[in-house]
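> no sequence for this one, just the structure:
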């Protein structure tokens, strides 16, 4: 068989002899090849021989190489097959078998060398297509690649690292932020590598966009456009739940409930918990993640477990009404750099609180550097080798879902609606069928739960209706917020971009949320009789259609950024050039964040469904450390939870007089807390 174009020429071998040198070779004489010119035609050719024409008699311990290829390699002592012979190499002193191991090592296929000598390969069984080996200790590990990248891979990685670092340096120079690179030239190798890893993980293009887009934290608030209170908001009324049935038509809440259960049974709903916030504001003994905070009910349960219990109840209730269904509601947990590892470990340790592991999806949102608002937006450093970063706010949910293909996955699995809530609400009704059923009946793309404000001084966000006109279609709203770095997941409304809906059309009105500190006194205190005019308080329990989530992935509809003043502990160089830790007693930095209800502005008000719920049944926020007269603490949330449970016992006693049933018991457990 000659080089170049494949062809086979049959020739007759007359004689041949072996020549001994640095490498064994043969001199042969072929019939009809008696000149140098004819011999040159076979230069580079491979000489083959038919298997049935090979000499039958071989010396002892001799084998034809082609017969060895593909043979199984078996450990003689254990009879374990470890691989297959793929090549035979003559090294001069002895032959070497090239063996492809059956089991990959560290995810990679591995080939090793085995000396083809009697002591190591005592059995060659051609008829059984196997060789048996008796390797000395350590032989099989001798040629296994060491853990970690090869030298070639290391060089490739280093070149890539240098290219990325060069691009980062260029970007940081353009942003005037080269001070963050000082750590790459000091400290230990592990510290420098840690900084490099963090720099490579940050989207500096997004950071630049946030700096340009976010209004100054010290800018004056301005509200543009005509604001109005929402029209009459329907109420969820659970008072007569004992009488509910699938045929209830005159009772709105019962009708929504059973429609929602049908959506659950059909696999058309999912739930997202905003769990990126740390619990540092809740006191020194708090866990690293808010969702891990435990309440004495009297049994000790974390917020995550309380919420998982409700999700399990909804699934069971749907299966009771629709026996052919076995729903598994996807529970999507939004984490941050600060909470991701702890949250995943906690769920694994608690065996996902009785849920299937496959229905719990973790999504980590982006983080961006915090900046010093007094020093030209210089990035703050926790140490020379670590930038001070913070999550991009609960509005970062949408880009995280899109970037990690969660929205497409939900769509592929047939999910229509997603409930989104903040983890620090002890009374949140997770997977609420009433909420799903109501939104479906209204054909809404956005659902918003609200409670009535208790007073004009209550520090809550207020849902308003904004009328759009030619003058305010392009208006911008600026907001300021002063708080600690460890703020809760619920954040403030932000800039107003072009008032268009998800289809690119202008909209006549849209909903927005005004925070307490940005409402003019005239609006905040306005009354009609004894009631506040603006009384719909936002409790960070929302609903979005999956179609709407998919559309929000459009770059044209990206949410804007906002500046929030924080007290951020950091390190700086003092006058002598030494790194010193600063613990400010006043806000010194800015966190760049997006707000979830900025997404409302892309939805026409006719496609938003507001639902009023009972504060004492569905809103027990945990924002602050326990203290005398302090609201919204773990203690106040516990009191509200126990009070609701006590109501459950009284209604159960009344119901038992007429005979109870399992379905009603499940419903009662869901309403009042398990």
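On my side now, so go ahead. Just so it is clear, the structure is predicted and the values come from calculations on it, not from any experiment. Residues are numbered from 1 along each chain as shown.

> ranges for the strands of the stretch 551-674 of the chain?
Secondary structure of the stretch 551-674 of the chain by DSSP state E, counting those that start in this stretch: the strands cover 562-567, 570-573, 579-582, 589-593, 608-612.

> Please name the strands paired to the third one in the sheet, noting orientation.
Translated: strand 579-582. Sheet pairing of strand 579-582 (DSSP bridges) gives strand 570-573 (antiparallel).

> Now do the strand it pairs with: everything it contacts.
Outside strand 570-573, the residues that touch it by CB atoms under 8 Å, 6 or more residues apart in numbering are 372, 380-384, 388, 579-582, 588-589. The way it works is simple: take the backbone N, C-alpha and C, and place the C-beta from them, glycine included.

> go with 10 Å
If you take CB atoms under 10 Å, 6 or more residues apart in numbering as the criterion, strand 570-573 is touched by 179, 182, 370, 372, 375, 378-388, 578-584, 588-589.

> one step back: which one of the strands of the stretch 551-674 of the chain lies closest to residue 142?
strand 579-582 (48.0 Å; CB to CB).

> and the closest one, what's its mean pLDDT?
Per-residue pLDDT values over strand 579-582 give a mean of 93.

> what comes up buried for it?
Buried residues in strand 579-582, counted by 16 or more other CB atoms under 10 Å: none are found.

> Give me the buried positions along stretch 441-458.
442, 444-453, 456.

> Determine the longest helix present in the chain.
Ranked by residue count, the top helix of the chain under DSSP state H comes out as helix 151-175.

> quick revisit: show me which of the contacts of strand 570-573 are buried.
Looks like the contacts of strand 570-573 have 370, 372, 378-381, 383-385, 387-388, 588-589 buried, using 16+ other CB under 10 Å.

> Where does pLDDT dip in the chain?
By pLDDT under 70, the low-scoring segments of the chain are 1-6, 20-24, 56, 91-93, 106-107, 145-148, 217-225, 469-507, 649-660.

> for the residue sitting nearest the centre point of the chain, helix, strand, or coil?
Nearest residue to the geometric centre of the chain (CA atoms, centre = their mean): residue 363, 1.9 Å. Of the three states, residue 363 takes strand under DSSP: H, G, I helix; E, B strand; the rest coil.

> got a list of what it touches?
272, 275-276, 332-335, 340, 397, 400-401, 403-406.

> Quick check: can you name the pairing partners of the helix or strand where residue 273 lies and their directions?
Secondary-structure assignment from DSSP states H and E places residue 273 in strand 269-274. Strand 269-274 has the following sheet partners, assigned by DSSP bridges: strand 331-335 (parallel), strand 417-422 (parallel).

> Reformat the ones you listed as TSV; add distance to residue 288.
Converted to TSV, the strands paired with strand 269-274 look like this (distance: least, CB to CB, whole Å):
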stretch	distance to residue 288
strand 331-335	11
strand 417-422	17
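
> To residue 141, which of these lies closest?
With CB to CB, the closest approach to residue 141 among those belongs to strand 331-335: 39.9 Å.

> roughly how far is that closest one from the heart of the chain?
Strand 331-335 sits 7 Å away from the centroid of its parent chain (CA atoms, centre = their mean, to the nearest Å).

> For the remainder of this discussion, apply numbering that starts at 296.
Sure, I'll start counting at 296 from here, so that last one is strand 626-630.

> got the angle for the helix or strand following it vs strand 564-569?
For strand 626-630, the following helix or strand on the C-terminal side (DSSP H and E) is helix 635-644. Interaxial angle, helix 635-644 versus strand 564-569 (axes from the mean of the first three to the mean of the last three CA atoms, to 10 degrees): 130 degrees.

> for the stretch 346-495 of the chain, what spans make up the strands?
367-370, 376-385, 390-396, 406-410, 418-420, 425-428.

> May I see those organised as CSV, with distance to residue 460 and mean neighbour count added?
Listed next are these as CSV, based on distance: least, CB to CB, whole Å; neighbours: other CB atoms under 10 Å:
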stretch, distance to residue 460, mean neighbour count
strand 367-370, 46, 18
strand 376-385, 41, 16
strand 390-396, 37, 18
strand 406-410, 35, 18
strand 418-420, 55, 14
strand 425-428, 48, 20
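
> mind checking which of the ones you listed is nearest residue 808?
strand 390-396 (60.9 Å).

> Now do that closest one: everything it contacts.
Residues from elsewhere that reach strand 390-396, judged by CB under 10 Å, 6+ apart: 358, 360, 363-364, 366-368, 377-385, 404-412, 415-416, 426, 428, 435, 438-439.

> Who does the residue nearest to the centre of the chain form a beta bridge with?
Beta-bridge partners, per DSSP bridges, of residue 658: residue 629.

> again with the one 4 residues further on
Each beta-bridge partner of residue 662 is listed here, defined by DSSP bridges: residue 686.

> picking up where we left off before, select, out of the strands of the stretch 346-495 of the chain, the one closest to residue 530.
strand 390-396 (68.1 Å).

> residue ranges of the strands in the stretch 596-745 of the chain, please?
Going by DSSP E, counting those that start in this stretch, the stretch 596-745 of the chain shows strands at 626-630, 655-659, 662-664, 666-667, 673-674, 676-678, 681-682, 684-686, 712-717, 741-747.
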